[in-house]
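> sharing a model that was predicted from the sequence below.
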Number of protein chains: 2
Amino acid sequence: MNAISPSHRVVIIGAGFGGLEAARRLGHQAVDVTVIDRSNHHVFQPLLYQVAGAALDISQIAWPIRHVLHRFKNVTTLMAEVNGVDAAGKTVQLTDGTRIPYDSLVIATGSTHAYFGHDEWAQFAPGLKTLGDALSIRQHLLTVFEQAEREPDPVKRQQLQTFVVIGAGATGVELACTIAELAREEMPGDFRRLDTRKARVIVVEAASRVLANFPESLASYVQQTMEQLGVSVLLNCPVTECHADGVVCKDRRIEAGAVFWAAGVRASPAALWLNAPADKAGRVKVQRDLTVPAQPDVFVIGDTALVEQENGKPVPGLAPAAKQQGRYVAEVIKARLRKRPAPGPFHYRNYGNLSTVGKSTAVVDFGRVKLRGRLAWVIWALAHIYFLIGVRNRLLVALNWLWLYMKGERAARIIISRKS
Amino acid sequence: MNAISPSHRVVIIGAGFGGLEAARRLGHQAVDVTVIDRSNHHVFQPLLYQVAGAALDISQIAWPIRHVLHRFKNVTTLMAEVNGVDAAGKTVQLTDGTRIPYDSLVIATGSTHAYFGHDEWAQFAPGLKTLGDALSIRQHLLTVFEQAEREPDPVKRQQLQTFVVIGAGATGVELACTIAELAREEMPGDFRRLDTRKARVIVVEAASRVLANFPESLASYVQQTMEQLGVSVLLNCPVTECHADGVVCKDRRIEAGAVFWAAGVRASPAALWLNAPADKAGRVKVQRDLTVPAQPDVFVIGDTALVEQENGKPVPGLAPAAKQQGRYVAEVIKARLRKRPAPGPFHYRNYGNLSTVGKSTAVVDFGRVKLRGRLAWVIWALAHIYFLIGVRNRLLVALNWLWLYMKGERAARIIISRKS
């Protein structure tokens, strides 16, 4: 195939969009690849909110990593947690004490929720980053409606079916809309005491507008559509307190049955492992070839990396950006091994930015072309079905959506506990 | 509709096959029905082992109870846990202290695992009765293979991929076969160090044969088929110790990566609530009209009841029997309210007994006619698809199975934890 040693060891930490793409591009190559992830599955994060909203089931947006990579016999998958990197000794350290040696290291460990110095809020306002998070939110959401149905006091009942979503970025908007539609369109006939059409969903945002990374014109359309779906939007309203039964923002107390967090993210601790320069969100400041300064064998990609574009702006923390970085890093490693010239600096190609507002509306920003409404939703749906890995899941996700449309019925309204 | 008072209150505890059937048969009648269940979903228990084996996803065999019953406006669903019945005051007591008054009470609370006086075994050998159980078993099973892939010592690796199933009834046989097929047919290409074709599945049974409630001829066929699938069967082998890393039976120690329990059940504590006579498995000894002696307004059905047939044998603890009892009780209540003569004593109609042995073989006992092999499997599959509630799930379950056949790929191999 080529002349370089097959014993060059590439370790990839994290099997999100970036890590998985790097692994695939290094598949069937004369390198020895090890993919380490603390979970056994790759998750299609852009649809996590639909799992939280009980519209999709877990296996429709998650796949066993080792199965996704099974045809690449030079790729080994390990489910394990990393807690350090020894850059001098060129090993990755697992929590069980094992050390995995590498020649090239790709860190693609993503990001997690950031509570802006209030980590104690995590217990009251769960965020949405993993499948476990999505199921926790689903259980919480569905359980609150069950409590409300049992509640004899109408005031308490209404308070229970009030939901606060903190943050009006894409995740906050999508989560809020899916909760509103669940309550107002799909649940009403199922309850006797409770009128779920009166459920309140309130999005609380510190900034002066929704969807900060979309153009203003689309953002104001999104806000109008949210309000039509029954979602209230409170802008310029930073949260100062967060409790089990509500939040306080700008001296206003909002009582709620459940509070969800979609306000901020923090990079994984890769900068600490590497002792590398980072921004205040913890993202490693990588060079234009995505390597860490003074550590040419260590690449950081995706949400863990701060990559500057030609225009000085950072590459956004989106799935397509992470995938492009994964592909780029694989090319760099292959070029080095073949002793060919390295590709030029990483260049992010922006193919557009999409976000849904409920189950039949979306906004799409292609730069010059901006779309909104039903046509944008169709583009969003086609793009997502296309990018879901595997024919089977495309088919099942499409079927589930079609069902939702035809019947207004969510398949996955299941509360799981040890007892149930 | 009829002349009786619409205020007659029927409370049904438990929304398994019996309780749900009683509620449906009382739907659109002039009675006020309340269905209480501690979970929010009805689960199709006969396919739970496929969720445990990662072949089916949860929403394919579970449905929100309140949605299943939503068209019956006289039926209210409450998700709540019952901890007592006040037969004199005619109320059901919930754990939150609420009391629900009834005129007629139907107890259909099912059964749980019985560890024969060794409740401490529950932590090492989880059983399979609920969706939560099925997901726990799935996580445990998949995690053990991940541990084995990381394990450098080949002896320990082989020990990890050894699975013990205690009990060779239908659940034990089905669970053992699905584990063997997962390891031997679907997983091999996905691992690098681990050869999952060498996984061992051992069924340990105290009695002298498998499937005690099937005819001997079918049972011996089942045992042969299990052995062809790679499942070892140890008969006359009562378990005397149970640990995290294996079991002891008849002075023989079997080291294992995981142990699962399918050996015995115990009825729910309804007999204690009612202070009613019960057998040693805790089943309430009901009369021929399924009422509790001296409590004519209290019915007990399904796995919680001991119902004698004309031939002196008890009605078996199977889904069709519970459904027939639910229907019967609804008829008795309707007859009483309409002041018509009560139907005759409950009569169990045995339409046959089915069990699978892996994904292409089954046994069917229709009494005189006994079938085994592929044809029996087709009958089993058709019967299960037919009885699954709702067109949508029939379609999705059928698609999933078809996929499994065509691709040998299980959709639901997802380990969920708070971290993942």
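Thanks, I have it.

> when you work out contacts or count neighbours from here on, use the C-alpha atoms and nothing else.
OK.

> and residue A:371, how far is that from residue A:217?
10 Å (Cα to Cα, to the nearest Å).

> have a look at these two and say which one is more surrounded.
A side-by-side neighbour count of residue A:371 and residue A:217, using other Cα atoms under 10 Å in any protein chain shown, places residue A:371 first with 17 against 10.

> tell me the pLDDT of the more buried one.
Turning to residue A:371, the model gives it a pLDDT of 93.

> for residue A:3, same thing?
42.

> picking up where we left off before, overlap of the contact sets of residue A:371 and residue A:217?
Overlap between the contact sets of residue A:371 and residue A:217, as judged by Cα atoms under 8 Å, 6 or more residues apart in numbering or on different chains, is nil.

> show me which residues of the stretch 1-150 of chain A are close to chain B?
A:38-41, A:57-59, A:62-64, A:66-67, A:69-71, A:73, A:76-79, A:130-133, A:146-147, A:149-150 (Cα under 8 Å from any Cα of the partner chain).

> how many residues are close by residue A:194?
24.

> how about low-confidence regions in chain A?
A:1-6, A:389-394, A:400-412, A:416-420 (pLDDT under 70).

> what residue spans form the domains of it?
Domain ranges of chain A: A:9-113+A:265-337, A:119-262, per automatic domain parsing.

> quick check: bridge partners of the closest residue in space to residue A:258 that isn't next to it in sequence?
Sequence neighbours aside, residue A:163 is the residue nearest to residue A:258 in space, at 5.2 Å (criterion: Cα to Cα, 6 or more residues apart in numbering or on different chains). Counting by DSSP bridges, residue A:163 is bridged to residue A:201, residue A:258.

> and residue A:163, what is it in contact with?
A:199-202, A:256-260.

> in CSV, list these along with neighbour count.
Formatted as CSV, those follow (neighbours: other Cα atoms under 10 Å in any protein chain shown):
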residue, neighbour count
A:199, 24
A:200, 24
A:201, 28
A:202, 23
A:256, 23
A:257, 24
A:258, 26
A:259, 29
A:260, 23
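
> max pairwise distance over those residues: which two?
A:199 and A:260 (15.3 Å; Cα to Cα).

> re earlier: filter the residues of the stretch 1-150 of chain A next to chain B down to just the ones in strands.
Mapping the residues of the stretch 1-150 of chain A next to chain B onto strands (DSSP state E) picks out A:41, A:62-64, A:76-79.

> need those residues in JSON lines (columns: neighbour count).
Listed next are these as JSON lines, based on neighbours: other Cα under 10 Å:
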{"residue": "A:41", "neighbour count": "25"}
{"residue": "A:62", "neighbour count": "23"}
{"residue": "A:63", "neighbour count": "23"}
{"residue": "A:64", "neighbour count": "22"}
{"residue": "A:76", "neighbour count": "21"}
{"residue": "A:77", "neighbour count": "26"}
{"residue": "A:78", "neighbour count": "22"}
{"residue": "A:79", "neighbour count": "21"}
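
> quick check: the farthest pair among these?
Distances among these were taken as Cα to Cα; the most separated pair is A:62 and A:76, at 18.9 Å.

> which residues of the stretch 151-300 of chain A fall in helices?
Using DSSP state H, counting those that start in this stretch, the helices of the stretch 151-300 of chain A run over A:154-160, A:170-181, A:216-228, A:270-274.

> elements contacting the last one?
Helix A:270-274 is packed against strand A:82-86, with contacts defined by 3 or more Cα pairs under 8 Å, 6 or more residues apart in numbering or on different chains; DSSP states H and E.

> just the CA atoms of the following helix or strand past the strand it packs on, as CSV, please.
Using DSSP states H and E, the helix or strand that follows strand A:82-86 in sequence is strand A:91-94. Taking C-alpha atoms only, strand A:91-94 is exported to CSV below (Å, rounded to 0.1, in the frame of the first residue of the first chain):
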residue,chain,number,x,y,z
THR,A,91,1.4,7.8,26.5
VAL,A,92,-2.2,8.3,27.4
GLN,A,93,-3.2,7.4,30.9
LEU,A,94,-6.5,5.6,31.6
